[in-house]
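Novice: Here is my input, please return the structure:
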Amino acid sequence: MDRIRIASMQYFIRPIREFGQFADQVSALVDTARDYKCGMAVFPEYFTLQLLTLGDTRRKIDEQVRVLASYVPRYIELMTGLAQKHGLYIAGGTIPVIDDGRDEVYNEAFLFAPSGKWDVQGKIHMTRFEREEWFVSPRSRLKVFETTFGRVAIIVCYDVEFPELARVAARAGARILIVPSCTDDRQGFLRVRYCAQARTIENQVYAVHSPTVGSIPMVPAVSLNYGQASILTPSDFPFARDGIMAEGIPNQEMMVIGELNLSTINENRETGTVLPLRDSQNTAEVAKGLEEVIL
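Specialist: Got it, this is the predicted structure:
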């Protein structure tokens, strides 16, 4: 498959009174993505924090993340059912998962296939908030997912600020980077956005950025959200003029949709104006020969 249409959610976090309201909001968005003939729907990091409004929001922050993890079975059931019903892939944002054997919490990004199968990419680099207040632990393995339209990697929020991850994924054949994020202010959002754009140029890939918007003042982790969904491209003649295929209006509830031509990525990696992915092969050797000069 040379082309895939993808919907990136600019997901509005709002208080809810029952799990069914969360399911309805998610289902409606996936329904809309399917109506527009999308083959993948992408949700943000920690958009599942909306579920915390179902319980006691006065709990300590590190206890809240464990409460959220209790919804994992219902979340998986919901997303698996939607992927099968509509015959599309769902990059299901992230939700905290507890490793019972080690009693540690991880921030896991799920990818659901139309077949009913699913797998996860754990977040590798923790923000200070995750590490110091939520006590979320990092994962240490990057995965590349084989889909019917080629290889995809999920680079979760802060992870996109580490170029090595995207480079490894691109060299392993990934042509699309899924970037779910959850940022409270404009500076944080722009760190993720600018780095996602840089990764598209460095690795000649598409990046699909899906953030949270809205606010839930009673839940400290999402008391504020700043976001703007986008589908980003390399900066070269075959692509969008500014390297932006589609983008939303900041901080509004919406989705953006774009059709990604994967053959164009393949051709650009061979005949582009510049070839940063190929030309990066000698970077490690150059680094080994680093010289220190005292003037």
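
Novice: May I see the buried residues of the worst-scoring helix or strand of the chain on mean pLDDT?
Specialist: Of all helical and strand segments in the chain, the minimum by mean pLDDT, DSSP states H and E falls on helix 283-288, at a mean of 78. Across helix 283-288, burial judged by 16 or more other CB atoms under 10 Å covers no residue at all. Placement of C-beta: from N, CA and C, glycine included.

Novice: what do you get for stretch 29-40?
Specialist: Judged by neighbour count using 16+ other CB under 10 Å, the buried positions of stretch 29-40 are 29-30, 33-34, 38-40.

Novice: ok, the closest residue in space to Arg17 that isn't next to it in sequence - how many residues close by?
Specialist: Sequence neighbours aside, Leu54 is the residue nearest to Arg17 in space, at 7.3 Å (criterion: CB to CB, 6 or more residues apart in numbering). Look at Leu54: counted by other CB atoms under 10 Å, it has 17 neighbours.

Novice: Would you map the helices across the stretch 151-295 of the chain?
Specialist: 163-171, 186-203, 262-271, 276-279, 283-288 (DSSP state H, counting those that start in this stretch).

Novice: other SSEs contacting the longest one?
Specialist: In terms of contact count using 3 or more CB pairs under 8 Å, 6 or more residues apart in numbering; DSSP states H and E, helix 186-203 is assigned the packing partners helix 163-171, strand 174-181, strand 206-214, strand 230-232, helix 276-279.

Novice: excluding its backbone neighbours, what's nearest Gly55?
Specialist: Val67 (5.8 Å).

Novice: List the residues that contact Arg171.
Specialist: Contact analysis of Arg171 by CB atoms under 8 Å, 6 or more residues apart in numbering lists Leu277.

Novice: no, scratch that, I was asking about Asp2
Specialist: With contact taken as CB under 8 Å, 6+ apart, Asp2 is in contact with 261-263.

Novice: change it to 10 Å
Specialist: Residues near Asp2 by CB atoms under 10 Å, 6 or more residues apart in numbering: 149-150, 260-266.

Novice: Look up how far Leu111 lies from it.
Specialist: Between Asp2 and Leu111 the computed distance is 21 Å (CB to CB, to the nearest Å).

Novice: Give me the secondary structure label for Ile90.
Specialist: At Ile90 the chain is in strand, as set by DSSP: H, G, I helix; E, B strand; the rest coil.
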